[in-house]
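>>> Structural data only, the sequence is not supplied:
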RNA sequence: GGGGCCGUAGCUCAGUGGUUAGAGCAGGGGACUCAUAAUCCCUCGGUCGUGGGUUCGAUCCCCACCGGCCCUACCA
């Protein structure tokens, strides 16, 4: 049974991450976004949907050009190098993206120019004069409202009024249509608190936005005015269409659009839930079906973010995924990020919390379950896994876990999906405890208990596959099954499919306990 | 300044206008010994931020305040 709350559940699932700005290095925050998107993509593949999973890098803008110059290379060389860091990070984290888009690619320039020309021809782009308060240190404009007593809020220095002739997008024309869209598509932006934020913003009145620059050259040229390039954010959003061939392959666009989920951080709600649907409307296509917002990871209550060096607090960029992977393993990091923080709320990130999850959930519950079952099968069943019984009490537990996890994944709640899955692990451990097969003589009774336990493990393996693909493959193999959980799909998680008669291998501990030396 | 979110057990969080507010982890006790000193059972533990108000009754609704945070239109 499929939930229809989200319009993207139509047998096709297109999910995107934000495209990451190349001046940053991949860090736990970007890994959090990407791992969540990956798990959702893997879930939908497992559930039988046709999936397109897109991530990439945002490579235009003045900051990139400046950074490249500071490093003595061209912007293109610089972005080639920095973009690659994201590819490498995602490879390390076992991210299954189907495409990786770079905004400096030709295909993107082509789509952007076609998309914006469509808006232009529809009359929603006009030439105007942008007047703003400019901070020389930031090289950035501020609105008068955002100034702090007339000073730049970051540098606390005076700003100067500057004028620039720009092309503007008539965002103001879409207020009513956006409100109508939010009303008729209540699941457009989730969770609801974030939807309310976007809605309140629209109701507060929309102003036109400046979408081009003449002061910089590292961007996509405006087709009808070669003196201008598009402002970085305005070209960035269009990547979601570039990847499905906007302006180049209409069939592909029709196939995937608008049934898309944009997974984003809460700081870019406005771009995705206000600008972007308006841009789509202006270009004459449907707005995206779904924006799923996630919160931020905090360290000690502090934002794990970018420019907070002045406070001396831990910065997100200080925590490289690689160091965590080296210590805990890829799947443990994935599990922690998916399990500990619900999508939509801020979460605490700490080594202590990661260690705690690792030891209790992965080592003690899951890893130990697999190990103890393998041992008993070896000693009481000659190492051959028996088939399960149809009437096992674990069958009910497994069915509950399957339906609960399924619903949670469909509703973009990986943490809940894993919580449901772990209930089955707990039930399997308790089941072993009550029957104590290690006290029994080999025979039918032991076979039944161990067959049930193996079947529970098999179901668990299918359910964790989106979150921990490598672990799922490893367990699958240890209980004697061929191939991978992804080969059989989620429907195979119905109770009773463990065939029996398969050699069960114990192997090394999947998650050796980590001694906390705190 | 304006808009919004959050504040529930030591920790991370669920939750509902109504008899005794829940879970996991941590802590305590017991059982077991197949297993990664793992597991299983039981248990301790909360003036539900503060002060008012609405109500027969509020943790949940309203107001104020305190504390933390986000957005305010160019950085996940």
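Received, thanks. Owing to the predicted nature of the structure, the values given are computational and were not obtained by experimental measurement.
>>> Measure how buried the residue of chain A found nearest RNA strand B is and give me the count.
Using CB to the nearest atom of the strand, the single residue of chain A nearest to RNA strand B is residue A:367, 1.8 Å away. To be clear about C-beta, it is placed using only N, CA and C from the backbone, and glycine gets the same treatment. Residue A:367: 21 surrounding residues under other CB atoms under 10 Å.
>>> ok, now which ones touch it?
A:509, A:510, A:511, A:512 (CB atoms under 8 Å, 6 or more residues apart in numbering).
>>> Between the residues you listed, which sits nearest residue A:22?
residue A:511 (34.3 Å; CB to CB).
>>> wait, residue A:296 sits on residue A:29?
Yes. Counting by CB atoms under 8 Å, residue A:296 does reach residue A:29; the two are 7.0 Å apart.
>>> Looking at those two now, which is surrounded by more residues?
Comparing residue A:296 with residue A:29 by other CB under 10 Å, the one with more neighbours is residue A:29, at 23 against 19.
>>> touching RNA strand B at all, the strand or helix carrying the more buried one?
Using DSSP states H and E, residue A:29 falls within helix A:28-46. Yes. Helix A:28-46 is in contact with RNA strand B by CB under 7 Å from any atom of the strand, via A:29, A:30, A:32, A:33.
>>> Which one of these sits in the busiest neighbourhood?
Counting by other CB under 10 Å, top hit in these: residue A:32 with 26 neighbours.
>>> What's the separation between the nearest residue to residue A:468 once chain neighbours are set aside and residue A:440?
Nearest non-adjacent residue to residue A:468, counting by CB to CB, 6 or more residues apart in numbering: residue A:331, 3.8 Å away. Counting by CB to CB, to the nearest Å, the separation of residue A:331 from residue A:440 is 33 Å.
>>> do residue A:334 as well
When residue A:334 is compared with residue A:440 (using CB to CB), they lie 37 Å apart.
>>> The two - which one has more neighbours?
residue A:334 (28 against 16).
>>> The more buried one belongs to a helix?
Yes. Using DSSP: H, G, I helix; E, B strand; the rest coil, the secondary structure at residue A:334 is a helix.
>>> Now for the closest residue in space to it that isn't next to it in sequence, how many residues are close by?
Using CB to CB, 6+ apart and skipping residues adjacent in sequence, the residue nearest residue A:334 is residue A:35, 5.2 Å away. Residue A:35 has 26 neighbours, counted by other CB under 10 Å.
>>> list the contacts for residue A:35?
A:93, A:95, A:333, A:334, A:337, A:338 are the contacts of residue A:35 under CB under 8 Å, 6+ apart.
>>> separation between it and residue A:22?
Residue A:35 is 20 Å from residue A:22, by CB to CB.
>>> circling back to that earlier point, and for the helix or strand the residue nearest to residue A:468 falls within, what's in contact with it?
If you go by DSSP H and E, residue A:331 is part of helix A:330-340. Surrounding helix A:330-340, the residues in contact under the criterion CB under 8 Å, 6+ apart are A:28, A:31-32, A:35-36, A:38-39, A:92-94, A:321, A:324-325, A:328, A:347-348, A:353-354, A:357-358, A:361-362, A:414-415, A:418-419, A:467-471, A:511.
>>> Residues contacting the host helix or strand of residue A:253, please?
Using DSSP H and E, residue A:253 falls within helix A:250-256. Residues outside helix A:250-256 that contact it (CB under 8 Å, 6+ apart): A:12, A:14, A:52, A:241, A:244, A:245, A:246, A:285.
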